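Participant: sequence plus predicted model, see below.
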Amino acid sequence: MARVSVFLAVPLMLAVIGNACVLAAEPNKTGELHEQIDQLFEADTLVPPIAPADDAEFLRRAMLDLHGIIPSADDARAFLSDPSPTKRTELIDRLLASPRYARHFATTFDVLWLERKQEKNIKSQDWYDYLYHSFHDGKPYDQLVREILSGDDTQEATRPTLKFYYARTVEPHALTRDIGRLFFGMDMQCNQCHDSPIVDDYKIGDYYGLYAFVSRTFLYQDKKKVPSLGEKAEGEANFKSVFTGESADKVVPRLPRGPALVEPVVLKGEEYAVKPGKDVKPIPKFSRRTALAERGVDGSTEMFDRNAVNRLWAHLMGRGLVHPLELHHPDNPPSHPEVLDLLAQEFREHGCDVRYLLREIALTRTYARACELPNPQSLNAAAIAQRSEVCQRDLDALEKQAPAANDEHAARRLKTLIKAKRKSLEESQLAADYLSVANTDAKQAEIKWELLVKFWEDRGDVVLLKPLSPESLALSVLQATGAVDSAQEKIRVSFQSKKPKEWTAAEPADRPRVEAMFVEKLTYTQFNSNLQQFIGMYGDAPGSDFGANLNQALFFGNAGVVEGLLKPVPGNLTDRLSKLSDPQAVADELYLSVFGRRPTKDDESAVAKFLKDRQDRAAAIQELTWSLMSSNEFRFNH
C-alpha cells in the first residue's frame, strides 16, 4: 500500500480559534476528503515509505472491516484477477452497499453500546433489527443517537431503543457514566465523587451537569408490570466533593464542553402534561431527557462529533486518533489533530453519514498501507532535522499565544495543540537518537529503533494488527470452511421457489436488493448458534486487550463446532480439497479459502510435503485446514 513518504517542511497557515493563534497544516480544500486526510496525515509523521498493501491484503482487510467476514475463495479469485485500476474503489462501494455492511455495523454498535450486557425487557432481536435497519437505510448517526437517548416508548419503531436504558437498570449514575463515555468520549467515572486526580480537565461539575439530564428518569411499571421510562418534573442534582468539599445545589443540566441548558419557565403546579398518580405514568411538560437527546447530537458540543469520527477511525485503523477512545482531553491530544478536526467537520457537514465517512477513510493511502514495519535505512537525517526545526518553531509560536487564550474553549484547544506538537518533537528526537548510533552501536541502535517503532504504533502511524472479534472469527471460520457458501446456495434455491411478499411488492429494479437482504438474513439466522458459541468463548469486554487463553485454545482445537465444520460434506472446503489430486491445486484452493491469497512457493512445498505418503488423505486435509485457521495470519486482521 502506498505508505507515507519522508516528508519535508509542509506549508503552514495561521488559524485563529477564539483568540488563540495556532499553526496547522493546510490540506487541499478542493480535493476529496480522502485526499485531504492523506495530506494532513503524511505531513505529520516521519515514518519512511512502505509499499502499498497487495490486493489480497487489501481485500481481506476491507471485508473484515466493513463486512466482518473474510472473502470467499471465489471473491478472492475475482478480485485478484481483475485488472481494473479502480477496483479498490469499486470494492469499497460494493461492500458499503451490501446488507452485510448493515449486519456488521449493527453487531459492532450493539457490542459497543450494550457491552454484552444481558437485558430481558426488550427482545434482543428487536433491538438488533432496529440497529440493522438504521444502518441499512443510512439513518444519520445523530438521528440514531437522538432516538436512543430520547428513550421514546410511544413509537413502536423506536421502542427497541429503550434497551440502552434498561441494560443499565435506568440508574442515573450508570447512565451518566456510559453516556459520557460512549457518546462524548469522556470517561468521567471518578467525577461522581470528586475532580479527577488523573485528568485535570474532568471536573465533578462536568459529571453532574450531564447527570442532571437523566437524574429525573426512572423505571416505571404499570399494573401489568410492563416497564417503560418515566420522568419526573422535579428533583435536582447536587454534589459535594469528598476531597475538597466543593459543592453545588440545583446543578443546571450542561453537556460536556457545551452550554448550560436554558429551561422554559413553568408555573408551579403546571409542571406536568400528565400528572403522577396511582398507576399513571407522569409526563412532564419539559423533558430533560429529551433535551439531552436533542442538544447532545445537534453540534452544541464538539465532543459528540469528535467522539463519533474517532470511533469510526479506530474501527478501520485499529486505534483512535485519540486513544484510549474514552479519554478526550488536552493532556491526551489526538495523534493528528488536524485530521480529527477535518473528520469531525466533514461528518457534520455531510449529515453525520456513517457510510460517507467510512468510504472516505477506506479510500485513503493511510488505510491502504501494508501491515509491515518501515526500513530503518530509509530514515532521512536531513528531513528529521528540518522537521524538528519546524516543530520547535511552531511550538514556540503556540506557547507565546497561551496568555491570549481568554476563553475556556480556546485555552483547551491551545493546550491540546501544544501537547500534540511536543509529541511530534518527541518523534523527531527519537528518530535522531536512532540515527546517532545506527552505524556505530548495533545494540543501542536496536533498542532505539524499537522505541521509535513503539512510538509509531502508539500513534497509529503504522498499520496495526487487529484481533478478530468473536463474531468475525466465527463467521470467518464458517466462510473458510465453505459453510457460508453452501448455506447461501440452498437459501437462494429456496428463495426462487417461494418468493416473499416483500420481493413481489418491490419494483423490479429493487428486487435484487430485497433478495440479497433475505439471503443474508437467513444465512445469519442459520448460523446463530455457532456465533453464540464463539461469543461465549471469546466475548471479552469491548476494548479489552487481546489475549488468548487455554480455554479458547481447547475450544478451537477440540470443540465440536470447529471439528464438525472440517468434516467433508458436499461442497464444503475439505470436500473440494479431497477431490484435487495435485498438491499445488490443493494449496491454491486452501490458501485462497482461508487466507484470501495465493500460496507462496514455500506454502506449496509445505502442503505437498505434508500430504506426501499420508494414508488417510482426508484426515490430512482436515489437519491442514485446521492448522491454517489456527494461525496468527487467520486470527488477526492485518
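Facilitator: Looks like it came in fine. This structure is a prediction, so every number in the text was calculated from the model and none was measured.
Participant: where's the residue nearest to Phe164 when sequence neighbours are not counted, which helix or strand?
Facilitator: Closest residue to Phe164 apart from its sequence neighbours, by Cβ to Cβ, 6 or more residues apart in numbering: Ile148 at 5.1 Å. Any C-beta I mention is one placed from the backbone N, CA and C, and that applies to glycine too. Assigning secondary structure by DSSP states H and E places Ile148 in helix 141-150.
Participant: show me the contact partners of that helix.
Facilitator: Identification of contacts with helix 141-150 by Cβ atoms under 8 Å, 6 or more residues apart in numbering yields 113, 134, 158, 161, 164, 179, 183, 289-290, 292-294, 296-298, 304, 308, 347, 352-354.
Participant: for whichever helix or strand comes after that helix, packing partners?
Facilitator: Downstream of helix 141-150, the next assigned helix or strand under DSSP H and E is helix 162-166. Contacts defined by 3 or more Cβ pairs under 8 Å, 6 or more residues apart in numbering; DSSP states H and E place helix 162-166 against helix 99-114, strand 227-231.
Participant: so what touches helix 162-166?
Facilitator: Residues outside helix 162-166 that contact it (Cβ under 8 Å, 6+ apart): 113-114, 119, 121-122, 124, 127, 148-149, 151, 153, 175, 217, 219, 227-229.
Participant: now list the buried members of those.
Facilitator: Buried members of the contacts of helix 162-166, counted by 16 or more other Cβ atoms under 10 Å: 113-114, 119, 122, 127, 148-149, 151, 153, 175, 217, 227-229.
Participant: what is the nearest of these to Ile384?
Facilitator: The shortest gap between Ile384 and any of the buried ones among the contacts of helix 162-166 belongs to Trp113, at 43.1 Å (Cβ to Cβ).
Participant: so who does the closest one touch?
Facilitator: When contacts are counted by Cβ under 8 Å, 6+ apart, Trp113 touches 148, 164, 182.
Participant: distance from the chain centre to stretch 376-387, please.
Facilitator: Its chain's C-alpha centre and that of stretch 376-387 lie 33 Å apart, by Cα atoms, centre = their mean, to the nearest Å.
Participant: ok, stretch 444-457 next?
Facilitator: Using Cα atoms, centre = their mean, the offset of stretch 444-457 from its chain centre is 27 Å.
Participant: give the rounded mean pLDDT of that stretch.
Facilitator: The average of the pLDDT scores along stretch 444-457 is 97.
Participant: please apply the same query to stretch 369-388.
Facilitator: In this model, stretch 369-388 has an average pLDDT of 93.
Participant: how long is that stretch from one end to the other?
Facilitator: Terminal residues of stretch 369-388 lie 25 Å apart, using Cα to Cα, to the nearest Å.
Participant: next one: that stretch to chain centre, how far?
Facilitator: 28 Å.
Participant: for it, buried residues please.
Facilitator: Neighbour counts over stretch 369-388 (16+ other Cβ under 10 Å) mark 369-371, 374, 376, 379-380, 383-384, 387-388 as buried.
Participant: identify the farthest-apart pair in those residues.
Facilitator: Farthest pair in the buried residues of stretch 369-388, by Cβ to Cβ: Cys371 and Ser388, 28.3 Å.
Participant: how about low-confidence regions in the stretch 501-638 of the chain?
Facilitator: Counting by pLDDT under 70, the stretch 501-638 of the chain contains low-confidence ranges at 541-547.
Participant: and the helices in it?
Facilitator: Remark: helices assigned in the stretch 501-638 of the chain by DSSP state H, counting those that start in this stretch are 501-505, 511-526, 528-538, 550-558, 560-566, 573-578, 583-594, 601-611, 617-629, 632-635.
Participant: so which of the ones you listed gets nearest Tyr207?
Facilitator: Checking those against Tyr207 by Cβ to Cβ gives helix 528-538 as the closest, at 32.5 Å.
Participant: just the CA trace of the closest one, in PDB.
Facilitator: C-alpha atoms of helix 528-538 as PDB (Å, rounded to 0.1, in the frame of the first residue of the first chain):
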ATOM      1  CA  ASN A 528     -26.700 -18.000  15.100                       C
ATOM      2  CA  SER A 529     -25.900 -21.000  17.400                       C
ATOM      3  CA  ASN A 530     -22.400 -21.100  16.000                       C
ATOM      4  CA  LEU A 531     -22.000 -17.400  16.700                       C
ATOM      5  CA  GLN A 532     -23.200 -17.700  20.200                       C
ATOM      6  CA  GLN A 533     -20.700 -20.500  21.000                       C
ATOM      7  CA  PHE A 534     -17.800 -18.300  19.800                       C
ATOM      8  CA  ILE A 535     -19.200 -15.200  21.600                       C
ATOM      9  CA  GLY A 536     -19.400 -17.300  24.800                       C
ATOM     10  CA  MET A 537     -15.800 -18.300  24.500                       C
ATOM     11  CA  TYR A 538     -14.100 -15.200  23.000                       C
END
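Participant: so what touches that helix?
Facilitator: With contact meaning Cβ under 8 Å, 6+ apart, helix 528-538 is reached by 116, 469-471, 473-475, 477-478, 551-552, 555, 559, 561.
Participant: can we see that at 10 Å?
Facilitator: Defining contact as Cβ atoms under 10 Å, 6 or more residues apart in numbering, one finds that helix 528-538 is touched by 107, 111, 116, 125, 467-475, 477-478, 483, 524, 539, 546, 548-549, 551-552, 554-556, 559-562, 564-565.
Participant: got the angle between it and helix 550-558?
Facilitator: 140 degrees (axes from the mean of the first three to the mean of the last three Cα atoms, to 10 degrees).
Participant: how about the helices of the stretch 501-638 of the chain in a markdown table, adding distance to His67 and mean neighbour count?
Facilitator: Below are the helices of the stretch 501-638 of the chain laid out as a markdown table (distance: least, Cβ to Cβ, whole Å; neighbours: other Cβ atoms under 10 Å):
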| stretch | distance to His67 | mean neighbour count |
| --- | --- | --- |
| helix 501-505 | 22 | 11 |
| helix 511-526 | 10 | 17 |
| helix 528-538 | 15 | 16 |
| helix 550-558 | 22 | 13 |
| helix 560-566 | 19 | 16 |
| helix 573-578 | 19 | 20 |
| helix 583-594 | 16 | 21 |
| helix 601-611 | 25 | 15 |
| helix 617-629 | 18 | 18 |
| helix 632-635 | 16 | 15 |
